[in-house]
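J.: What would the 3D arrangement of this be:
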Amino acid sequence: MMLSIRIIFCLLFFWIGLSAQSKEDSLFIKNNYRKEETYIKMRDGKKLFTTIYAPKDQENSYPIMLMRTPYSLAPYGVQNMKVPIGPNMDFARDGFIFVYQDVRGKYKSEGDFIANRPVNTSKKKKVADESTDTYDTIDWLIKNIKSNKKVGIWGISSPGMYASLALINSHPNLKAVSPQAPVTDWFLGDDRHHNGALMLMGSFSFLSSFGKLRDSISTRHPGGFSDYGHMDSYNFYLKTGALKNFNTKYLHNKSVLWNEMMDNPDYNDYWEARNYLKHIKKIAPAVLVVGGWFDQEDLYGPLKTYAHLARLKSSGSTHLVMGPWFHGSWTRGLGDSLNDVNFSQATAKQFREDMELPFFKKYLKGTQTDNLPAAKIFFTGSNQWASFQQWPSAAVKPQSLYLNQGNKLSFDRPDSSQITFDAYISDPNKPVPYTNEKTVFRGYKYMFEDQYFAAKRPDVLVYESDVLTQDVKIGGNLQAELYISTTGTDADFIVKLIDLHPYNSKSAMADYQLLVRGEVMRAKFRDSFSKPKALKPNTVTKLRFDMQDAAHVFKKGHKIMVQIQSTWFPLVDRNPQQFLNINEANDNDFLKQEHRIYFSKEYPSQIILPIIKSDEN
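T.: Now for the predicted structure:
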């Protein structure tokens with residue numbers, strides 16, 4: 001009882017402090033900024049609704065910070081001020097002009113909305129896309145408002161994507177760009193799909209509102225599905241059944257985006273046209289790419305964006321910052337912990353004060369150097385920032401961690417010529433839950449959740465290393481290479497890399513199975529995401545796939561754990577475990593199958609770790 005009272009008082013004091021800070025910020029903005037609302041005409045004649053927050057001080061000229069968003073400029077009305085303004089209040093106090101814009105087709109902007117609008121490759125001057133809309137907006141701002149003629153653009157998630165798109169034939173006055181958790185590829189690794197598997201829970205919830213066509217130009221949010229009936233998402237999604245039932249029962253064909261995704265089950269022209277990175281061929285502005293290691297939506301985006309930009313010729317500098325954050329959490333709070341996972345320092349505050357603001361001040365004001373290396377990376381496990389001249393570091397040496405008999409993991413390759421395997425029965429009608437939480441919202445906690453709840457299931461294979469006698473530091477891209485067979489013709493394989501903490505009666509992390517990275521692979525896409533191919537039943541098949549990047553130190557005294565399963569529900573949609581178009585599957589198509597994971601000299605299943613032996617500083 002005393003503990004509950006203490007928690008209530010802590011929360012009360014926290015919200016009182018937050019409210020006081022919000023009032024202080026609101027008063028500062030009211031006293032120091034004026035707001036203007038206007039329409040800016042694009043080259044094709046469409047007008048985009050734009051709000052401008054400018055310092056009341058007219059003696060000095062300030063740089064412009066622009067964010068373009070599909071998520072509303074609320075609050076609307078010149079008398080209603082957004083709090084905070086800018087990436088964070090440090091920017092407002094330092095003095096910038098902040099510009100927000102509804103992208104075309106959203107809220108008060110004219111035109112039709114197309115999510116991840118393909119880049120226009122036509123040479124016609126009057127044809128518009130998101131990059132030309134950005135160019136035209138900047139051009140208007142430079143010509144029509146008082147400033148120092150330097151522009152920066154930033155955004156998180158979809159606004160981060162619009163920031164990236166500003167790099168295509170960028171405006172000469174655009175000097176600094178920060179794509180933060182940018183949506184980059186909705187089929188291979190961001191919010192909607194991972195390696196071709198639909199991220200069901202997040203996609204249904206999001207697209208039930210975001211995917212709708214609006215019926216008028218207004219400030220009204222279209223609203224989305226909310227009638228879950230209870231807090232148990234596992235049963236809600238399972239009872240709904242096959243993917244096509246979600247349209248029949250709940251969406252009623254009103255989500256254009258859901259319909260488009262169901263109509264494009266493979267990586268075809270629809271998805272290829274939305275891969276905008278290939279259109280960024282040179283970089284003029286300085287770039288700061290930002291992401292979080294626990295980002296439940298867009299971990300793929302910042303890593304692939306930075307990798308692409310780092311290969312290009314640039315007249316500016318390109319930086320990557322990866323911290324221990326979930327989606328967008330670096331914009332607020334201290335960033336010193338996530339539940340029981342403690343980082344021993346205020347990582348989010350450090351980013352805002354020591355990295356983000358100095359970056360923009362250097363390139364927009366010329367008053368301060370940013371001192372940022374090419375890559376500033378936070379290593380979980382050791383809780384340390386590290387600086388690198390590139391990411392991944394040149395010090396990375398890929399090393400295989402092999403699955404072995406007796407549920408063992410070892411850096412020694414199996415030498416047995418005898419074909420050995422572990423088997424499990426995967427039943428898509430009794431799928432492995434992705435979390436131990438009771439919730440209808442996907443949330444972010446599963447990204448670092450204790451995996452003990454899953455390890456107890458008979459349809460989850462668990463492998464452990466011996467107790468580590470020295471630290472194992474990884475930094476870079478993870479790859480899974482499994483040798484599998486199945487009684488069916490398709491299957492999903494989920495691989496989870498886990499830091500198994502030792503028992504300590506005084507620690508909240510005692511015996512904690514900390515998820516470092518988890519990823520799914522839909523086996524029919526093993527050779528090509530464009531041309532799916534059935535598995536041959538009861539035949540050993542090699543399956544290699546990208547598990548994305550990680551930066552983590554497995555400490556001496558810990559163990560490394562790997563879990564393998566074939567359902568991760570309802571985070572990922574269920575595979576019927578037979579080769580067909582899953583988007584058109586019926587409820588009776590979901591079949592129970594036996595899967596085998598092999599480990600021998602001939603079939604050495606492994607996780608390829610990016611081991612760092614020595615740091616590059």
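J.: tell me, how many neighbours does residue 264 end up with?
T.: 14 (other C-beta atoms under 10 Å). Using the backbone N, CA and C atoms, a C-beta is placed for each residue, glycine as well.
J.: whoops, residue 151 was the one
T.: Neighbour count of residue 151, defined by other C-beta under 10 Å: 30.
J.: residue contacts, it?
T.: Residue 151 makes contacts with 63-66, 138, 141-142, 171, 173-176, 364, as judged by C-beta atoms under 8 Å, 6 or more residues apart in numbering.
J.: For it, give its distance to residue 64.
T.: According to C-beta to C-beta, to the nearest Å, residue 151 and residue 64 sit 5 Å apart.
J.: anything in contact with each of the two?
T.: With C-beta under 8 Å, 6+ apart, residue 151 and residue 64 have common neighbours 138, 141.
J.: any low-confidence regions in this protein?
T.: Counting by pLDDT under 70, the chain contains low-confidence ranges at 1-21, 370, 614-617.
J.: Name the SS class of the spatially most central residue of it, please.
T.: Most central in the chain under C-alpha atoms, centre = their mean is residue 298, positioned 1.2 Å from the mean C-alpha point. Under DSSP: H, G, I helix; E, B strand; the rest coil, the three-state class of residue 298 is coil.
J.: Not including adjacent chain positions, what is the nearest residue to it?
T.: Excluding the flanking residues, the one nearest residue 298 by C-beta to C-beta, 6 or more residues apart in numbering is residue 181, at 4.1 Å.
J.: count of neighbours near the one you found?
T.: 32.
J.: list the contacts for it?
T.: Neighbours of residue 181 in contact, by C-beta under 8 Å, 6+ apart: 156-157, 160, 290-292, 295, 297-299, 301-302, 327-328.
J.: what would those look like in a markdown table with distance to residue 256 and secondary structure?
T.: A markdown table is the format used below for these (distance: C-beta to C-beta, whole Å; DSSP: H, G, I helix; E, B strand; the rest coil):
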| residue | distance to residue 256 | secondary structure |
| --- | --- | --- |
| 156 | 24 | strand |
| 157 | 19 | coil |
| 160 | 22 | helix |
| 290 | 30 | strand |
| 291 | 29 | strand |
| 292 | 30 | strand |
| 295 | 26 | coil |
| 297 | 20 | coil |
| 298 | 22 | coil |
| 299 | 26 | coil |
| 301 | 22 | helix |
| 302 | 27 | helix |
| 327 | 24 | coil |
| 328 | 25 | coil |
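J.: Pretty sure residue 552 is one of the things residue 516 touches, is it not?
T.: Yes - Residue 516 is within contact range of residue 552, at 5.0 Å (criterion: C-beta atoms under 8 Å).
J.: Need the overlap of contacts for those two.
T.: Joint contacts of residue 516 and residue 552 (C-beta under 8 Å, 6+ apart) are 380, 499.
J.: Report the buried residues of stretch 544-557.
T.: Neighbour-count burial for stretch 544-557, with 16 or more other C-beta atoms under 10 Å as criterion, is recorded at 545-555.
J.: just those residues now: which is nearest residue 105?
T.: residue 548 (31.2 Å; C-beta to C-beta).
J.: Can I take it that that closest one is in a strand?
T.: Yes - under three-state DSSP, residue 548 falls within a strand.
J.: mind listing what it touches?
T.: Applying C-beta under 8 Å, 6+ apart, the residues near residue 548 are 189, 299-300, 303, 477-478, 517, 519.
J.: Which ones among those residues map onto helices?
T.: When DSSP state H defines the helices, the subset of those inside them is 300, 303.
J.: want to try a markdown table for the contacts of residue 548, with neighbour count and distance to residue 609 as columns?
T.: Converted to a markdown table, those look like this (neighbours: other C-beta atoms under 10 Å; distance: C-beta to C-beta, whole Å):
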| residue | neighbour count | distance to residue 609 |
| --- | --- | --- |
| 189 | 21 | 19 |
| 299 | 26 | 17 |
| 300 | 27 | 19 |
| 303 | 23 | 16 |
| 477 | 19 | 10 |
| 478 | 22 | 7 |
| 517 | 20 | 10 |
| 519 | 23 | 14 |
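J.: Tell me the one of the contacts of residue 548 nearest residue 321?
T.: Nearest to residue 321 among these, with distances taken as C-beta to C-beta, is residue 303, at 11.7 Å.
J.: I'd assumed residue 290 was in contact with the closest one.
T.: No - in this structure, residue 303 is not within contact of residue 290 by C-beta under 8 Å, at 11.0 Å.
J.: what is in contact with those two at once?
T.: residue 322.
J.: hang on, the earlier thing: mind putting the contacts of residue 151 in TSV, secondary structure included?
T.: Formatted as TSV, the contacts of residue 151 follow (three-state DSSP):
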residue	secondary structure
63	coil
64	strand
65	strand
66	strand
138	helix
141	helix
142	helix
171	coil
173	coil
174	strand
175	strand
176	strand
364	helix
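J.: Out of the residues you listed, which is nearest to residue 484?
T.: Nearest to residue 484 among the contacts of residue 151, counting by C-beta to C-beta, is residue 176 at 46.5 Å.
J.: For the closest one, grab the count of nearby residues.
T.: Neighbours of residue 176 using other C-beta under 10 Å come to 24.
J.: for it, what are its contacts?
T.: 150-153, 285-288, 316, 359-360, 362-364.
J.: Also residue 391?
T.: Under the criterion of C-beta under 8 Å, 6+ apart, the neighbours of residue 391 are 306-307, 310, 320, 322, 374-375, 377, 476.
J.: Buried members of these into PyMOL, please.
T.: In PyMOL, a selection of the buried entries from these looks like this (16+ other C-beta under 10 Å):
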select buried, resi 306+307+310+320+322+375+377+476
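J.: related to what we said a few turns ago, is it possible to export the contacts of residue 181 to a markdown table including distance to residue 405?
T.: Output for the contacts of residue 181, formatted as a markdown table (distance: C-beta to C-beta, whole Å):
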| residue | distance to residue 405 |
| --- | --- |
| 156 | 46 |
| 157 | 44 |
| 160 | 45 |
| 290 | 43 |
| 291 | 38 |
| 292 | 37 |
| 295 | 36 |
| 297 | 38 |
| 298 | 39 |
| 299 | 33 |
| 301 | 39 |
| 302 | 39 |
| 327 | 40 |
| 328 | 44 |
